[in-house]
Each structure stands twice: as structure tokens, then as C-alpha cells.
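K.L.:
what follows is a predicted structure for the sequence shown.
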Amino acid sequence: MLRLLEIAGRRKGLLFISGFLAIIHALLSMIPYILVFYIIKELAKTSINYGIIKEYIIYALIAAVISTCVFYGSVILSHIAAYNILFELRKYITEKVGRLSMGVLSNSNSGALKKILLDDVERMENFIAHQIPDFIKGISLPIITISYLFSQDWRMALISFLPLSILMIWMPILYMGRNKALIKQYHQSLEEMNAGIVEYVRAMPVMKIFGQSAETFNKYGNAVKNFNHFVNKWIRSNTPAYAIFMSFISNALLPVLVLGLYLYFKNGITLPVLLLFLILGTGYIKPLFVLNNMGMQLSIINRGVEQIDHLVNQEVLPENTIVQHIDANHVEFSNVNFGYKENQNVLSDISFQVREKSITALVGPSGAGKSTVGQLLSRFWDVNEGAIKIGGINIKDYPIDQLMKLVSFVFQDSFMFQESLLENIRMGMHKTFKEVEQAAKAAQIHDFIISLPNGYDTLFGQSGVHLSGGEQQRFQLARAILKDAPILILDEATAFADSENEYKIQQAFSELIKNKTVLIIAHRLSTIVDADQILVFDKGRIVDKGKHMDLLLNSHLYQRMWNAHIRAQEFVI
Ligand SMILES: Nc1ncnc2c1ncn2[C@@H]1O[C@H](COP(=O)(O)OP(=O)(O)OP(=O)(O)O)[C@@H](O)[C@H]1O
């Protein structure tokens, strides 16, 4: 509860008012019962005053109406608070996730992230909006009732209090101890199922080709079976305790009735008092049903809050906030060592320089570490040792925003959003339509866009247009041209759709790299014969450096790669 109040932040006030109204509601909802007691008392008299009975009935009605209105107010306020809290929380989590290093993100499974952002946050709405008022009512109503009953007869009040006192001991034992482990397991099973379904949907094309179905996709199938198995186990282990709890509550009237009749026949209490205890003595138990359900909900929410806290407390990339002034955009790697995992270097002792407005190509066998170099320059990860500098300044000393303005990364796989084609190029940058259009023209994609009925407003994806691989690549190039960052990292795609597409991409490419400092991760050596510098990577090291002709003469690995490249071009089916 305290953590939730902390999360509520500025909305705490609304929650307090909502809680206060819930207490007033509990107080008011007692009044009709007390008035019924007075009516019975009046009826038990020898000369009955019907006028006062009428008044009692009117007061009871008024109290019932006001009590309902107050509860309504309490629930409305808790809903307003809940949705505001959810909004702030989602904003906070997504901003935080955006600042996490790629390392942290790629180590968390997508199912777990989805569960935190959607399910764990959503569950809080239910708790804050509905359960906080119920919880306060569930606590305050028994206290008000018992206090009133004590004022009438302490012996009867004590016996009425018996079920409550047993429940107060029972419920924490029932939920806090044994269930903690089960709830952890429940969340793990849900995460596995989420991860399974995300992967299942992503892998659909491959699955179809290999004739697989949901049942044969083991990861998802097993996750569903495990979840089912776990829920069965949970229900079996909880049912006996729950059954005892329920029968206990349902029979809570018995001790009140036994003692009440005994005292009544002994002339210890009057008939109206006996009736009062029979009506009210166990009436406070109903809200406890809500508390019982809430115990379980609270444990689940607790675990969700722990998960959210765990995610947002992950280390973010340390960032300098002071904007740096640079005169040139040359790049320098000095003695860089890096591994995705501890003690597993993917890059060892990497040193090279890229002059401003020059082209450096990175070549080498698959897995040699070329893409990793590009990712380090974009600071997706931080180096383990050594330094990467732009304009003579360590990239760690740049604010992330400034660094992102300096560097553009054109990936092998492009990601298109389910947005208009215009927004897919604009990517949230403050650029006019004219500027977007110019970039699209330079990227050789403008003619294609205007050939569509809705032009730049055409939606991509599900309900809109679908693009070929080559077209998507030209969209990527348009984004990079529009961004106009002085340093470009190009992870060259290995496959183009057709020669016309390839020609267009080459044109877009030449437009993009004009006057830029370029690092190109090359897969087809023919595209980089004119590069100012070629770095040959092998097993995470730079084994040779130079221009194309020098390397052909001096680098064995480059010679082998070049010969393989020539053979591949001559290859005909
Ligand atoms: N996110 C990651 N987590 C862990 N290991 C990774 C990750 N990305 C790459 N690796 C590993 O790092 C090594 C270098 O990969 P990298 O992608 O940099 O090679 P590459 O030379 O670009 O290969 P390719 O030409 O096939 O794209 C490989 O062994 C790869 O398995």
C-alpha cells in the first residue's frame, strides 16, 4: 500500500479523499441498521409512537441515499486517480526502458516486458480504482460496527468479535506465507506463456514452411501446459483452506445466537438487543469476503510492483548532460575490448581512425564483429576497455541526444511502424512535408509513394500497404537522408529484390553518403573497392588495413574473400 501511494505521487490527495469518503460511507451505511434497532425498541413498548417510527424510516432512507452517493464519489475519485497513476506509470516505465542499454533489453525476454507494461500496470487500475475503497470499507465497517455493539452489550459484542479475531490471524497465514512462492511461480508461468506466444506469432512464417502448429511449437505448448498444471496445483492446495474459511464465515451467526438466547432467557438482554446482534453481529462479515479476495489480488499486485521496480531500477547508460562543441566529425577507436557477456571478448584491441568525410569499410567473415563495431559507435552498449571518440571527444561524454544527432545507423533489417508512410520517414523528427518529400526523392522512393492512391498518407501494415524488402530499404535510406547526421553507419543488406531495385538503392546510397563520415559494414566487396580505407576483421580483431589494391596484394584473408566474391558473381544455376 505504501509503495502504491509512493507511485501515486501527486495523485495521493485524490486517493486520501476517496478513502475518507469510503469511511464516511461505512459510517452512514450503519445508520439504517441502528434505526431499525430503535424501531424494534419502539415496537416492543406497550404504547407505540407511530410518528417517531415514521421519522426513523425517513432518516434511514435519507442515510441510505447519502451513503450511496458518498460511495459513488469515493469510487469516481479512485478511478480518476487510478487512470492518472496508470498514465504516469506507463510514461515513466517506457521512458526508463528507452534509456536502458540494449544489453539489459536483449537479456530480458519480450514476454516478461510485455507482461510488465500491459498486465502488471493494468492490474493496478483494478486495485486502485475498485479495491482501495472496498479495502477501506472492509476495515472501517467492522471497527464501527464492533464499537457500536460494545456500547450496547460487551458480552454479546465479544462473541460477535470472535470470528473476526480468528480471521485476523488466519488470513495473513493463508496468504502471506505459503502463497508467496506460488505467486512467484504464477508470474513466471505467465511470463513464459507470454514469451511463447510472442515468439510463436513472430515465427509464424518459418513454422508454416516447416509444417509446425501451436501444439508442436514446444516452447508455447509447454508454457501453456505448465501454466495449466500450476493453476491446478494452486487451486488444489488452496481449496481446503478456502472451504474452511467460507464455512466459518457462513456459520458465524451460531455463537451469537447461542449466547444471545442464553442471555435473553436469563433476562440479561432485551429482545431488541438480541435482534440487533442477530442483524449486526455478523453483518460486518460481508465486507470481509471482499478482503479475502483482495488478499490474493494484493499478493499478485505486489509481485507485479516488484517486477516494475526491478525493471525501472536496472542500470541506465550513464549520461553526460553537458552539450559538447565539436569542430570535426572524425571517428577514433582506441584499444577497444568488448564482450556481450563477461569474459567473452567479441572485439579485442580494436584501434582505427576514420577521417572526416571519408569512407571506411568493415569486411570479414560472418561473426567477426563488424556489426558490433557499429553498435558500439551508436552506444547501444558501452565498451569494456578502451575508448571511442567522435571529434576527439569520448562518446560517453556526449548527452545521448547529441550523440544520436551525430550518428545515423542504417540497419540490415528495417522496421516499419503501422503508421502513414509520411510518418515512417519522418520518425518523429521535426521536419516539414517538403523536407520529407525531398528525402524520399533522394532515396528513390518518392515515385512509388505517389503511385499509391493515398500517397504519403498511405498506412503501412495490417490495414495498409505492404512493401518489398528493397522498398523498405529505400525507406530506411530516406529516414537517414532526412536525419542528415554527419556520421553514417551502414550495415549493408545482403539481398536486394532485383537489379532495378539495386540500381535505385545504389543511387539513394550515393546521395546519402555525400559529405559524410561513413562506416560501411560491407557484405559485397564490389561496393567498397573505392573506399578510402578497408578494415579486415577476423575473430574480433583487425587483421589487415588498407585500400582495395593494397589488400589484394598483402592480405591473405582479403584475397580469399575477394576470390570467393568473384566466384559467387560468376555462379550461375
Ligand atoms: N546481442 C548479442 N548478444 C550476444 N552475442 C552477440 C550479440 N550480437 C552479436 N553477438 C555475437 O558477437 C559476435 C560478433 O557478431 P557481429 O554481429 O558483430 O558479427 P558480424 O561480423 O557483423 O557478422 P555478420 O557479417 O554475419 O553480420 C558473434 O559471435 C555473435 O554471435
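P.N.:
Thanks, I have it.

K.L.:
from here on, just use CA atoms for contacts and neighbour counts.
P.N.:
Noted.

K.L.:
which stretches of the stretch 301-450 of the chain form strands?
P.N.:
In the stretch 301-450 of the chain, the segments counted as strands under DSSP state E, counting those that start in this stretch are 331-338, 347-354, 359-363, 385-390, 393-394, 407-410.

K.L.:
which other helices and strands contact the first one?
P.N.:
Using 3 or more Cα pairs under 8 Å, 6 or more residues apart in numbering; DSSP states H and E as the contact definition, the elements that strand 331-338 packs against are strand 347-354, strand 385-390.

K.L.:
in the first one, which residues are buried?
P.N.:
The reference is to strand 347-354. Judged by neighbour count using 16 or more other Cα atoms under 10 Å, the buried positions of strand 347-354 are 347-352, 354.

K.L.:
nearest to the ligand among these?
P.N.:
Leu347 (7.8 Å; Cα to the nearest ligand atom).

K.L.:
quick one: residues in contact with stretch 471-485.
P.N.:
405-411, 413-414, 416, 424-427, 429, 435-436, 439-440, 442-445, 501, 505, 508-509, 511-512, 516 (Cα atoms under 8 Å, 6 or more residues apart in numbering).

K.L.:
C-alpha coordinates for it, CSV please?
P.N.:
Extracted in CSV, the C-alpha atoms of stretch 471-485 (Å, rounded to 0.1, in the frame of the first residue of the first chain):
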residue,chain,number,x,y,z
GLU,A,471,11.3,-0.8,-50.9
GLN,A,472,11.7,-1.0,-47.2
GLN,A,473,15.4,-0.5,-47.5
ARG,A,474,14.8,2.7,-49.5
PHE,A,475,12.5,3.9,-46.7
GLN,A,476,15.4,3.4,-44.3
LEU,A,477,17.7,5.4,-46.6
ALA,A,478,15.1,8.1,-46.8
ARG,A,479,15.0,8.3,-43.0
ALA,A,480,18.8,8.6,-42.8
ILE,A,481,18.9,11.2,-45.6
LEU,A,482,16.2,13.2,-43.7
LYS,A,483,18.1,12.9,-40.4
ASP,A,484,21.2,14.2,-42.1
ALA,A,485,23.6,13.2,-39.4
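
K.L.:
pLDDT averaged over that stretch - what is it?
P.N.:
Averaging pLDDT along stretch 471-485 yields 88.

K.L.:
before we move on, the earlier item: determine which stretch of the strands of the stretch 301-450 of the chain is the most buried.
P.N.:
strand 359-363 (a mean of 25; mean count of other Cα atoms under 10 Å).

K.L.:
re earlier: turn the helices and strands packed on strand 331-338 into a markdown table, columns for distance to the ligand.
P.N.:
Output for the helices and strands packed on strand 331-338, formatted as a markdown table (distance: least, Cα to the nearest ligand atom, whole Å):
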| stretch | distance to the ligand |
| --- | --- |
| strand 347-354 | 8 |
| strand 385-390 | 16 |
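
K.L.:
quick one: those as a markdown table, columns for mean pLDDT too.
P.N.:
Shown next, in a markdown table, are those (pLDDT from 0 to 100):
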| stretch | mean pLDDT |
| --- | --- |
| strand 347-354 | 93 |
| strand 385-390 | 93 |
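
K.L.:
who wins for proximity to Leu362 among these?
P.N.:
Closest to Leu362 of the helices and strands packed on strand 331-338 is strand 347-354 (Cα to Cα; 11.0 Å).

K.L.:
distance of Val65 relative to Ile132?
P.N.:
22 Å (Cα to Cα, to the nearest Å).

K.L.:
what does the stretch 301-450 of the chain have sitting close to the ligand?
P.N.:
The stretch 301-450 of the chain comes close to the ligand at residues 340, 346, 366-372, as judged by Cα under 6 Å from any ligand atom.
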